[in-house]
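> Need a 3D model of the following:
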Amino acid sequence: MYPVPNRNYKSPLFTMLFSDKKELLGLYNAVSGKQYKDPGALRVNTLENAIYMAIKNDLSFVIDSQLSLYEHQSTYSPNLPLRMLLYLADLYADLTKNENLYGRKKVKLPPPRFIIFYNGEEAQPDRRILKLSDLYEVEEEEHKLELEAVMLNINAGHNPELMKACRTLADYARYTACIRRHAAEMPIEEAVERTITECIREGILEEFLRKYRAEAKRMSIYEYDQARHIRQEREEARKEEKKNIAVNLARMGMTAEQIAKAVEEESAVVEKWLTERS
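Numbers count the residues shown, from 1 in each chain. Reported below is the predicted structural model:
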């Protein structure tokens with residue numbers, strides 16, 4: 001059974017889908033290659049009120065004495081390993097809150113595994129390893145603290161074996177692709193409504209969408225708008241960086257045409273930038 005949606009926290013649709021233990025076990029089996037049958041073997045321990053709410057993890061659970069942390073992302077960030085580390089620290093603190101950390105007896109910890117499910121529009125490979133050490137300011141022969149997260153591209157057409165092993169994940173990929181296709185031609189509210197209707201008719205996430213149609217629509221619109229906002233912010237940052245480079249090159253005596261080639265922009269755009277900054 002799917003959980004009742006929490007309206008105080010805009011939980012991603014991905015999280016709501018896999019908050020059902022049966023679905024989560026199916027996803028775990030698909031990712032790990034295991035064949036667990038009993039959803040009761042999962043002990044979900046996602047923090048509902050983490051200190052770092054901005055880096056709230058989507059799903060975390062223990063199975064076979066191993067801790068799995070699953071994160072869904074529609075935008076790529078090289079800082080994901082750091083966010084995972086901060087969340088893991090909170091989670092370990094919660095798991096050991098009744099233990100004597102100053103005693104002589106070892107406090108046992110489940111070893112963590114980090115998986116990021118990526119379905120953003122920026123091109124990414126099927127599988128990518130993100131390392132905490134890539135963020136360190138200096139290179140070291142041996143890193144004393146390392147964290148590796150596996151990022152899996154779950155867009156339609158990627159990781160076919162994974163999609164074949166988990167029907168719900170494949171349906172989610174088709175649902176997302178359908179929203180994007182319609183959103184290119186109509187307002188997002190209409191795009192989501194049409195997508196939900198089509199998916200129910202075609203048997204894609206049918207049970208979930210019939211039961212939680214209004215909630216799925218609300219979450220899908222929110223997630224689409226949030227991802228678009230992040231893309232716009234990044235585009236503005238790239239544009240501002242190009243402007244600064246153009247101004248510096250102009251001070252070095254380069255012409256607008258030369259600068260345009262260097263920053264890959266039209267000469268008219270560069271001339272406008274230089275006029276604004278003069």
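> What ranges does the stretch 1-150 of the chain have for its helices?
Counting by DSSP state H, counting those that start in this stretch, the stretch 1-150 of the chain has helices at residues 13-17, 21-32, 80-95.
> For stretch 133-148, give me every contacting residue.
Outside of stretch 133-148, the residues within contact range by C-beta atoms under 8 Å, 6 or more residues apart in numbering are 78-79, 81-82, 84-85, 88, 114, 129-132. C-beta: built from backbone N, CA, C; applies to glycine.
> ok, of these, which come out buried?
Among the contacts of stretch 133-148, those scoring as buried are 81-82, 84-85, 88, 114, 130, 132 (criterion: 16 or more other C-beta atoms under 10 Å).
> ok, back up a step: can you redo the helices of the stretch 1-150 of the chain as TSV, where the extra columns are distance to residue 263 and mean pLDDT?
Output for the helices of the stretch 1-150 of the chain, formatted as TSV (distance: least, C-beta to C-beta, whole Å; pLDDT from 0 to 100):
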stretch	distance to residue 263	mean pLDDT
helix 13-17	37	90
helix 21-32	42	95
helix 80-95	29	92
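> As TSV, those with distance to residue 182 would be great.
Output for the helices of the stretch 1-150 of the chain, formatted as TSV (distance: least, C-beta to C-beta, whole Å):
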stretch	distance to residue 182
helix 13-17	16
helix 21-32	25
helix 80-95	29
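> closest to residue 196 out of those helices?
Closest to residue 196 of the helices of the stretch 1-150 of the chain, according to C-beta to C-beta: helix 13-17, at 11.0 Å.
> mind saving the C-alpha coords of the closest one as CSV?
C-alpha atoms of helix 13-17 as CSV (Å, rounded to 0.1, in the frame of the first residue of the first chain):
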residue,chain,number,x,y,z
LEU,A,13,6.8,11.4,-7.0
PHE,A,14,9.7,9.0,-7.2
THR,A,15,9.8,8.8,-3.4
MET,A,16,6.1,8.2,-3.1
LEU,A,17,6.2,5.4,-5.6
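> ok so, going back, in the buried ones among the contacts of stretch 133-148, find the pair that's most separated.
Taking C-beta to C-beta, the two most distant members of the buried ones among the contacts of stretch 133-148 are 88 and 130; they sit 14.1 Å apart.
> between the contacts of stretch 133-148, which is nearest residue 155?
Looking across the contacts of stretch 133-148 and measuring by C-beta to C-beta, the closest to residue 155 is residue 130, at 17.3 Å.
> Test my guess that the closest one contacts residue 79.
No: under the criterion of C-beta atoms under 8 Å, residue 130 is not in contact with residue 79, lying 9.1 Å apart.
> Run a quick neighbour tally on residue 220.
For residue 220, the neighbour count with other C-beta atoms under 10 Å is 23.
> Please read the previous query as pertaining to residue 94.
For residue 94, the count of nearby residues is 12 (other C-beta under 10 Å).
> Check residue 253 too.
Other residues close to residue 253 by other C-beta under 10 Å number 7.
> ok but it is inside a helix, no?
No: assessed with DSSP: H, G, I helix; E, B strand; the rest coil, residue 253 is coil; it does not lie in a helix.
> State the distance from it to residue 134.
37 Å (C-beta to C-beta, to the nearest Å).
> Residue 31 too?
23 Å.
> For the two, indicate the residue with more neighbours.
Per other C-beta under 10 Å, whichever of residue 31 and residue 134 has more neighbours is residue 31, with 20 against 11.
> does the more buried one really touch residue 116, like I thought?
No: contact criterion C-beta under 8 Å: residue 31 and residue 116 do not qualify, at 11.1 Å.
> shared neighbours, those two?
With C-beta under 8 Å, 6+ apart as the test, residue 31 and residue 116 both reach residue 152.
> Just give me the neighbour total for residue 153.
Neighbour count for residue 153, taken as other C-beta under 10 Å: 21.
> And it, its phi and psi?
phi -80, psi 120 (degrees, to the nearest 10).
> per-residue confidence for it?
Residue 153 is assigned 98 on the pLDDT scale.
> Ok, residue 3 next?
pLDDT for residue 3: 46.
> And residue 19, by the same measure?
For residue 19, pLDDT reads 88.
> Look up how far residue 27 lies from it.
11 Å.
> More neighbours: which of those two?
Remark: of residue 19 and residue 27, residue 27 carries more neighbours, 24 against 19, as counted by other C-beta under 10 Å.
> can you pull the contacts of that one?
18, 70, 166, 168-169.
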